[in-house]
Every structure is written in structure tokens, then in C-alpha cells.
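S.K.: The following block contains a protein sequence and its predicted model.
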Amino acid sequence: MYEIFGKHGAIRQIRMGNTPETKGRAFVVYEDIFDAQHAQKLMHGFNIQGRFLSVSFFKPPKKKTTAQDARLETEKTKKQLEELRSRYAH
């Protein structure tokens, strides 16, 4: 992996999947975002040992919002609005 992806820039780390869910996956972390972008453009669709690579940027999973979270956020926003109204109302 270092030999293949290292051609595109300095690599900070490579983590290989080791669970059934991550088998066949690897995470390549570059020192520079521009090197990562360059590698993604060139390596996506690249054929290695009869397998085509799918190269993309990591996207953290979105936090699921519960009804309680939404209510708390609404209450917080209402309080902020009330504070602004009281501060700026003449």
C-alpha cells in the first residue's frame, strides 16, 4: 500500500480493515490534503491484481437527531431569541 499510494505524496499512516465489516478496505492518511486529492483523482478506478479501487474521502457518520434533541435545540433557540428581544427591545 505504501508503495502504491506513496507515489502521490507523504503518507502519515495506513490502516487496513481487520473486521468482517472493514475487510478489503484501507484508510490512507496523507500529510497534505492536496496530495490526498491528487491520489484520489489518479487512483480511483485503478486496477490492482484484477480488482478496481474505489478511492474516496472519509466522511464521518452523521449524528442521528432524536425528538428530544430537537426539542432541546428548539428550547435553546427560543431562549436565545428572548434574550435578544429583551436586550434590543426599546
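M.R.: Looks like it came in fine.

S.K.: Wait, a strand at Val28?
M.R.: Yes - assigned with DSSP: H, G, I helix; E, B strand; the rest coil, Val28 falls within a strand.

S.K.: if I read this right, Lys23 contacts Met16, doesn't it?
M.R.: No - in this structure, Lys23 is not within contact of Met16 by Cβ atoms under 8 Å, at 9.1 Å. Any C-beta I mention is one placed from the backbone N, CA and C, and that applies to glycine too.

S.K.: Alpha carbons of the lengthiest helix in the chain, in PDB - could you do that?
M.R.: In the chain, taking DSSP state H as the definition, the longest helix is helix 67-88. C-alpha atoms of helix 67-88 as PDB (Å, rounded to 0.1, in the frame of the first residue of the first chain):
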ATOM      1  CA  ALA A  67     -37.000  14.000  19.000                       C
ATOM      2  CA  GLN A  68     -35.600  15.000  22.500                       C
ATOM      3  CA  ASP A  69     -32.500  16.600  20.800                       C
ATOM      4  CA  ALA A  70     -34.800  18.600  18.500                       C
ATOM      5  CA  ARG A  71     -36.900  19.800  21.400                       C
ATOM      6  CA  LEU A  72     -33.800  20.800  23.400                       C
ATOM      7  CA  GLU A  73     -32.400  22.700  20.400                       C
ATOM      8  CA  THR A  74     -35.800  24.400  19.900                       C
ATOM      9  CA  GLU A  75     -35.900  25.500  23.500                       C
ATOM     10  CA  LYS A  76     -32.300  26.700  23.400                       C
ATOM     11  CA  THR A  77     -33.100  28.800  20.300                       C
ATOM     12  CA  LYS A  78     -36.200  30.200  21.900                       C
ATOM     13  CA  LYS A  79     -34.200  31.300  25.000                       C
ATOM     14  CA  GLN A  80     -31.600  33.000  22.700                       C
ATOM     15  CA  LEU A  81     -34.400  34.800  20.900                       C
ATOM     16  CA  GLU A  82     -36.000  36.000  24.100                       C
ATOM     17  CA  GLU A  83     -32.600  37.300  25.400                       C
ATOM     18  CA  LEU A  84     -32.000  39.200  22.100                       C
ATOM     19  CA  ARG A  85     -35.500  40.700  22.200                       C
ATOM     20  CA  SER A  86     -35.200  41.800  25.800                       C
ATOM     21  CA  ARG A  87     -31.700  43.200  25.100                       C
ATOM     22  CA  TYR A  88     -32.600  45.200  22.000                       C
END
